[in-house]
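Peer 1: can you look at this prediction? I've put the sequence above it.
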Amino acid sequence: MKIAFIGQKGIPCTIGGVERYVEVLATGLAKIGYDVTVYGRSWYVKNDHGQFQGVRIIPIPSIRTKNLDAATNTVLTILHAAFFGHYDIIHINSVGPALFIWLVKILCPRAKVVATFHCRDKFHSKWGLFGRLMLSLGERAACRLPDHTVAISDDLSTHCRNLSCRNLSRIHYGIVVPEIDKLMTPMELANKFGLKSKDYFIVVTRLLAHKNVHHIIEAYKMSGVSRPLIIIGAGSYSARYVRELNVLTKDLPQVHFLGQQEGLILYSLLFHAYSFITASSTEGTPFSLLEAAFYSLPVLVSNIPEHREVVDGEGLRGWLFPLGSVVTLAQKLKAMDKLDETYRALMGQALLAYVERAYSQDRLVAETIAVYASLIDFSGFARMLSEEAFE
């Protein structure tokens, strides 16, 4: 069975939850013998060899502007897939590229189309009126045009049903993180970044207004804690917001912006952190939260539906705070700073146990292949994974 992924920026992932999802799923499919192609944007794809862990990578050009990057790349990718691909499954990612599912149906009539609904992108602060209108239409296209729609969270699954989605599955993301022995040692961390292991709060996010990094900075200042606050990430068509963050932190020497990090450096910074924080207003399922969980970090997150699917309201798998409440965030940040080490470890272990079960790569691959199998008869389904992947 030949499978193509369209809509993402590419793999290997350097930044972006959609790209990480595609990387984990595509490499998992390739590992068990399927013919997998991931299309990417030529400005993003850095792999010059055309292969990554058994996955074929095809970079396609785009007009790299906020409004045209995804659209132009998706159309050119569909044309390439139609004339050179001959795929059995075309898997579209995100609601923007989903606007062009009709073109896939016309040019690739033999292929079955699956669309993954990752996030309600129209609520992201970088989009203007026209962009939000197009993304609203993309949401409807993602629900009504493909042969099957995948929602990555319970909240998005409910939204898809409200949009009269025809065939729907909820499939959580899958997570793969490097083994601890591959990461930086505490001495290497200190030499490179001047940080002490298990002695800093960490934020990993794109620097966009709806991610509410300014709330975290304001709460950090209000809390009076002494552990450094490390912010990892870069802007995305959000230069004004990044400037505002820099102004906000000019008198806070304990707040450090480390820019975009990736690979083993990013995972090392996560592993050595004391606690993970996010204050986002809207998400799909935040990969950085799940990756922090895989390293047993205690987490402090805003009380939005996507976070509540990972962090329980009882405080056993991390702490929630009301969205937008800087005062409450400051209070909980101060309490986290003084948390008993035994309780902190138990909180991290409880979160790890949950995400290992609910967000494994095996589960993601198994449940996605079950979707493909419902659309195409193929003999390989019975051999792909053990029964434990469905438990």
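Peer 2: Perfect, I can see it now. Residues are numbered from 1 along each chain as shown.

Peer 1: ok, for E139, nearest residue in space, not its chain neighbours?
Peer 2: For E139, ignoring the flanking residues on the chain, the nearest one in space by C-beta to C-beta, 6 or more residues apart in numbering is V95 at 4.9 Å. Where C-beta positions appear, they are placed from N, C-alpha and C, glycine not excepted.

Peer 1: tell me the helices and strands packed up against the longest helix along the chain.
Peer 2: Longest helix of the chain, by residue count under DSSP state H: helix 341-358. If you count contacts as 3 or more C-beta pairs under 8 Å, 6 or more residues apart in numbering; DSSP states H and E, helix 341-358 packs onto helix 287-294.

Peer 1: now the helix or strand that comes right after the helix it packs on - C-alpha only, PDB.
Peer 2: For helix 287-294, the following helix or strand on the C-terminal side (DSSP states H and E) is strand 299-302. Presented in PDB, the C-alpha positions along strand 299-302 are these (Å, rounded to 0.1, in the frame of the first residue of the first chain):
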ATOM      1  CA  VAL A 299       3.500  20.500  34.600                       C
ATOM      2  CA  LEU A 300       1.500  23.700  35.100                       C
ATOM      3  CA  VAL A 301      -0.900  24.300  32.300                       C
ATOM      4  CA  SER A 302      -3.900  26.500  31.400                       C
END
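
Peer 1: next one: strand 299-302 to chain centre, how far?
Peer 2: Mean-position distance between strand 299-302 and its chain equals 16 Å (C-alpha atoms, centre = their mean, to the nearest Å).

Peer 1: contact partners of that strand?
Peer 2: Under the contact criterion C-beta atoms under 8 Å, 6 or more residues apart in numbering, strand 299-302 has outside partners 212, 275-281, 289, 292-293, 307, 310-311, 317-324, 329, 332-333, 336, 351.

Peer 1: now stretch 266-278 - C-alpha only, CSV.
Peer 2: C-alpha atoms of stretch 266-278 as CSV (Å, rounded to 0.1, in the frame of the first residue of the first chain):
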residue,chain,number,x,y,z
LEU,A,266,15.7,20.6,22.8
TYR,A,267,15.1,17.2,24.5
SER,A,268,18.0,17.8,26.8
LEU,A,269,16.6,21.2,27.9
LEU,A,270,13.3,19.5,28.6
PHE,A,271,14.8,16.6,30.5
HIS,A,272,16.9,18.8,32.8
ALA,A,273,14.0,21.3,33.6
TYR,A,274,12.4,21.5,37.0
SER,A,275,8.9,22.0,35.6
PHE,A,276,7.1,22.7,32.4
ILE,A,277,4.6,25.6,31.9
THR,A,278,2.1,26.5,29.1
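
Peer 1: chain center to that stretch, what's the gap?
Peer 2: 16 Å.

Peer 1: and for stretch 199-217?
Peer 2: Averaging C-alpha positions (C-alpha atoms, centre = their mean) puts stretch 199-217 15 Å from its chain's average.

Peer 1: and it, end to end?
Peer 2: Criterion C-alpha to C-alpha, to the nearest Å; first-to-last residue distance in stretch 199-217 is 17 Å.

Peer 1: still on that earlier bit, just the buried members of the contacts of strand 299-302?
Peer 2: Buried subset of the contacts of strand 299-302 (neighbour count, 16 or more other C-beta atoms under 10 Å): 212, 275-281, 289, 292-293, 307, 310-311, 317-321, 323, 329, 332-333, 336, 351.

Peer 1: residue contacts, Y241?
Peer 2: By C-beta under 8 Å, 6+ apart, Y241 lies in contact with S125, L207, L208, A209, G235.

Peer 1: make it 7 Å
Peer 2: Applying C-beta atoms under 7 Å, 6 or more residues apart in numbering, we find Y241 in contact with L207, L208, A209, G235.

Peer 1: what about the helices in the stretch 101-250 of the chain?
Peer 2: Applying DSSP state H, counting those that start in this stretch to the stretch 101-250 of the chain gives helices spanning 101-107, 129-144, 154-162, 186-193, 213-223, 239-248.

Peer 1: out of those, nearest to G263?
Peer 2: Evaluated over those, closeness to G263 peaks at helix 186-193, with 13.5 Å, by C-beta to C-beta.

Peer 1: what's in contact with the closest one?
Peer 2: The contact list for helix 186-193 (C-beta under 7 Å, 6+ apart) reads L195, K196, S197, S268, H272.

Peer 1: packing partners for the host helix or strand of the fourth one?
Peer 2: S268 belongs to helix 263-271 when assigned by DSSP H and E. When contacts are defined as 3 or more C-beta pairs under 7 Å, 6 or more residues apart in numbering; DSSP states H and E, helix 263-271 packs onto strand 201-204, strand 229-232.
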